[in-house]
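S.K.: This is a predicted model, with the sequence first.
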Amino acid sequence: MNTDVPVIDAAADEAKKAKKHAFEINKLSKRLHRQVGQAITDFGMIADGDKVMVCVSGGKDSYSLLDILLNLQKRAPIRFSIVAVNLDQKQPGFPAEVLPNYLSGLGVDFHIETQDTYSIVKKHIPEGQTMCSLCSRLRRGILYRVARELGATKIALGHHRDDIVVTMLMNMFFGSRIKGMPPKLVSDNGEFVVIRPLAYVDETDLERWAAHRQFPIIPCSLCGSQENLQRVQTKKMIREWERQYPGRIDNMLTAMGNITLSHMMDRQLFPFQTIQATGRPDPQGDKAFDEDEDCVKPVNAPAEQVVRLGWE
Ligand code: SF4
């Protein structure tokens, strides 16, 4: 009996799988770099001479952000520098050596700021209550000081497309306002420009990228605080929608850049009190009894979305 055939088949099968995997990773890499480059261009996030402070927490998002920015820096037509910053908040069990080892290996300029905010938060917040709001306030103040000391002009954060859409929905559901998470905005102390170059990136792509690049992930539950439950539930909800109706998250993100103020209800932003009939047809005018709009391509839909959702 010839036993060679199954062995050869298995080897061929493995080679085929490896080839397919390499093809998929190559596609993922191109997509991530293209989307980050596009967001940087669309919002004018980085200018010649900028010093970009990349906040690295040890999670998949910030590792991916640093990784992609370092790659883009090599091919960018402008010159900008990058400094990676991690804040060691002295949470119990925080593996303090992981990030310095990783960042030294990359050869990137970096700074580890050690501040025991964990003890401060524990001291002021009663057991069982969420610590995140005080913790983030403290972290923000420290990061601004570090940015100032390092001479950074931009602060880059690893929030992605799904974070932005979830924030908008949470603001609607629980805050009665339409407000998202800006891709680029001046910091609340007026001193820096905060940028989110992953604004167009799908979180599941970052999960795959982190696994492929084998980033030394530091678990984010060390502080023992529960992640905001409403945020967790809203994220689950958009993932479920996306499963049922692929493209829905992208549509929501595009909608955030495609607002018809006259069809909203904000009296500060649109002069409802003073509008008058003009006598001229206006495609943006009221269509009276037509409640449903056509699902047509929005004016500024990203090219990738146009192709994927068949709007061409
Ligand atoms: S999860 Fe923990 S580290 Fe993160 S903001 Fe909340 S308290 Fe701070």
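M.R.: Here it is on my side, so go on.

S.K.: Next, give phi and psi for the residue nearest to Arg267 when sequence neighbours are not counted.
M.R.: Spatial nearest neighbour of Arg267, excluding adjacent residues (C-beta to C-beta, 6 or more residues apart in numbering): Gln273 at 7.3 Å. Glycine gets a C-beta too; all of them are placed from N, C-alpha and C. For Gln273, the backbone dihedrals (degrees, to the nearest 10) come out as phi -60, psi -30.

S.K.: Same question for Ala84.
M.R.: With angles defined as degrees, to the nearest 10, Ala84 sits at phi -90, psi 140.

S.K.: Kindly report the same for Pro126.
M.R.: In terms of degrees, to the nearest 10, the main-chain angles of Pro126 are phi -60, psi 150.

S.K.: For it, the count of nearby residues, please.
M.R.: When neighbours are counted by other C-beta atoms under 10 Å, Pro126 registers 7.

S.K.: Do you know the pLDDT at the residue nearest to Arg267?
M.R.: We note a pLDDT of 97 for Gln273 in this prediction.

S.K.: go on, Gly93?
M.R.: On the pLDDT scale, Gly93 is placed at 88.

S.K.: And for it, the neighbour number?
M.R.: Neighbours of Gly93 under the rule other C-beta under 10 Å: 10.

S.K.: Excluding chain neighbours, what is closest to Phe192?
M.R.: Ile155 (5.1 Å).

S.K.: List the contacts of the one you found.
M.R.: Val52, Met53, Cys55, Leu143, Ala147, Ser187, Phe192, Val193, Val194, Ile195 (C-beta atoms under 8 Å, 6 or more residues apart in numbering).

S.K.: Mind doing that once more with 10 Å?
M.R.: Ile155 makes contact with 52-55, 85, 140, 143-144, 146-147, 187, 191-196, according to C-beta atoms under 10 Å, 6 or more residues apart in numbering.
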